[in-house]
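**Student:** structure of the sequence below:
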Amino acid sequence: MYKTTIYILLFFSLLSCGDGGVTRNGAQFAGDTLSLASSSLLQIVEGDGFSLVNIRNPWDEERLLHSYMLVHRDCTNVVAPSGVTMLRTPLRNQLLFATLHAQLLVMLGCDDAVTGVCDARYMSIPEISAGIADGRIVDCGSSMDVNLERLAQLSPEAAWVIPFKNGGYGKLDRLDIPLIECIDYMEDSPLGAAEWVRFYGRLLGVGAKADSLFFAVRDRYEAMKALAAGCEKRPRLMCELKNGAAWYVPGGASTMGQLYRDAGAHYLFGDNNSSGSLPLSFETVLAMADSADCWLIKYGSDKDKTYSSLLQDFSGYRLLRPYREENIYACNVFRKRFYEETPFRPDILLEELVMLLHPELADGYQFRYYEKLQK
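**Tutor:** Have a look, this model is predicted:
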């Protein structure tokens, strides 16, 4: 960390908690700016009894998306400056909208701070399901149409929401509930997204634990990346399934595109600068897939897919080389916690991809997400 002095002209006034004193109107305060290893969207400044967190707007680099002042509950006589959301930490009563953040709180041992969720039917996390069943966690309905009566019953200290460009938060916009804008998914690298655990940990009062988790994830990720770089072969990789008229694949600059590259794959759709999803025609995919060595697919179903059921979905799959040579690996996200776990544990996913693509390294490895597609 390095010492920095921040001025009110930027975002806020002086806060000093040691004596309960507050200085305003243009004063300065000193804090430590954390040296963030990978995130391009976060800035965290720590002072005596508080943290300031600035989140850069990924759609408008001239503006901040949000600024938070995290103040310990024992720190008194504090007033947040205009334009800064003050949160008393550790948060104890939270409404979550996304299953990946619920899984993260379980990972950090803070799931007792979850008191409400939206889209509960998608949260296949035992600790959350048990809380809903015994009434400790309130099901607040759909994220698209929050149940206001249940929300009033819950009266959360904060709601964790997913921002989208030019999007709002529906009924939440009309309520006086602080919103934690979780823009981790817009980071430009797998480790950048994972580093948001350091912000979330400070919300929950487990900042040191969250820091240790991230550093362990980073070190393991880099070790697996180095292991893959030492492999002589780079299997040619294709991914995903046709969806309607288009075949959506991760862009070369997306986090998944980077994961494939770091795993030592030659990703067939990686020769572009897109950080999002690319819609391709089947003809485009077919023209490239004749050189593919391996095909990774993800889907959600109560019944596992097979080679036969793939053809029932789309007969054109039979023309693809990995189909003909039976080299398809599948992840049924209804049975595997792929989307819940991997955003904050990209090291686990990278290890799996390295073992899958370089089987000579995989002696004794137990796959967590992917498995060979069955006939």
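**Student:** following the longest helix along the chain, which helix or strand shows up next?
**Tutor:** Secondary structure of the chain per DSSP state H: the longest helix is helix 207-229. Next helix or strand after helix 207-229 toward the C-terminus (DSSP states H and E): strand 236-239.
**Student:** list the buried residues in the longest helix of the chain.
**Tutor:** Neighbour counts over helix 207-229 (16 or more other C-beta atoms under 10 Å) mark 207, 209-211, 213-214, 217-218, 220-221, 224-225, 227-228 as buried. Any C-beta I mention is one placed from the backbone N, CA and C, and that applies to glycine too.
**Student:** in a markdown table: those residues, plus distance to Asp363.
**Tutor:** Listed next are the buried residues of helix 207-229 as a markdown table, based on distance: C-beta to C-beta, whole Å:
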| residue | distance to Asp363 |
| --- | --- |
| Gly207 | 38 |
| Lys209 | 33 |
| Ala210 | 33 |
| Asp211 | 33 |
| Leu213 | 28 |
| Phe214 | 29 |
| Val217 | 24 |
| Arg218 | 26 |
| Arg220 | 19 |
| Tyr221 | 21 |
| Met224 | 16 |
| Lys225 | 20 |
| Leu227 | 14 |
| Ala228 | 16 |
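**Student:** tell me the one among the residues you listed nearest to Pro190.
**Tutor:** For the buried residues of helix 207-229, the closest approach to Pro190 (C-beta to C-beta) belongs to Tyr221, at 7.1 Å.
**Student:** so who does that closest one touch?
**Tutor:** Tyr221 makes contacts with Pro190, Leu191, Ala194, Asp262, Pro346, Asp347, Leu350, as judged by C-beta atoms under 8 Å, 6 or more residues apart in numbering.
**Student:** next, count neighbours for the closest residue to Arg73 other than its chain neighbours.
**Tutor:** Nearest residue to Arg73 in three dimensions, chain neighbours excluded: Arg88, at 5.0 Å (C-beta to C-beta, 6 or more residues apart in numbering). Other residues near Arg88 come to 16 when the count uses other C-beta atoms under 10 Å.
**Student:** wait, a strand at Arg88?
**Tutor:** Yes. Assigned with DSSP: H, G, I helix; E, B strand; the rest coil, Arg88 falls within a strand.
**Student:** quick one: it and Leu203 touch, right?
**Tutor:** No. Between Arg88 and Leu203 there is no contact under C-beta atoms under 8 Å: 10.1 Å.
**Student:** so where do the helices sit in the stretch 201-350 of the chain?
**Tutor:** 207-229, 255-262, 282-289, 307-313, 321-324, 338-341, 346-357 (DSSP state H, counting those that start in this stretch).
**Student:** residues contacting the residue nearest to Arg73?
**Tutor:** Val71, His72, Arg73, Glu157.
**Student:** tell me the pLDDT of it.
**Tutor:** Arg88 carries a pLDDT value of 94.
**Student:** with Ile8 instead?
**Tutor:** Reported pLDDT for Ile8: 32.
**Student:** what's the answer for Cys17, then?
**Tutor:** At Cys17, pLDDT is 45.
**Student:** check Ala27 too.
**Tutor:** 35.
**Student:** cool, the one 4 residues further on as well?
**Tutor:** Looking at Gly31, its pLDDT is 73.
**Student:** so it sits in a helix?
**Tutor:** No. Gly31 is assigned strand when assessed by three-state DSSP, not a helix.
**Student:** what about it, neighbour count?
**Tutor:** For Gly31, using other C-beta under 10 Å, the count is 19.
**Student:** roughly how far does Thr99 sit from Val333?
**Tutor:** As defined by C-beta to C-beta, to the nearest Å, Thr99 lies at a distance of 11 Å from Val333.
**Student:** cool, and Asn272?
**Tutor:** With C-beta to C-beta as the criterion, Asn272 and Val333 are 25 Å apart.
**Student:** do the same with Arg220
**Tutor:** Counting by C-beta to C-beta - Arg220 and Val333 are separated by 23 Å.
**Student:** where does the chain have low pLDDT?
**Tutor:** 1-30 (pLDDT under 70).
**Student:** what comes up buried for the top strand by length along it?
**Tutor:** If you go by DSSP state E, the chain has its longest strand at strand 64-72. By 16+ other C-beta under 10 Å, the buried positions in strand 64-72 come out as Leu65, His66, Ser67, Tyr68, Met69, Leu70, Val71, His72.
**Student:** show me the beta-bridge partners of the second one.
**Tutor:** Spelled out, it's His66. In this entry, His66 is beta-bridged to Ile55, by DSSP bridges.
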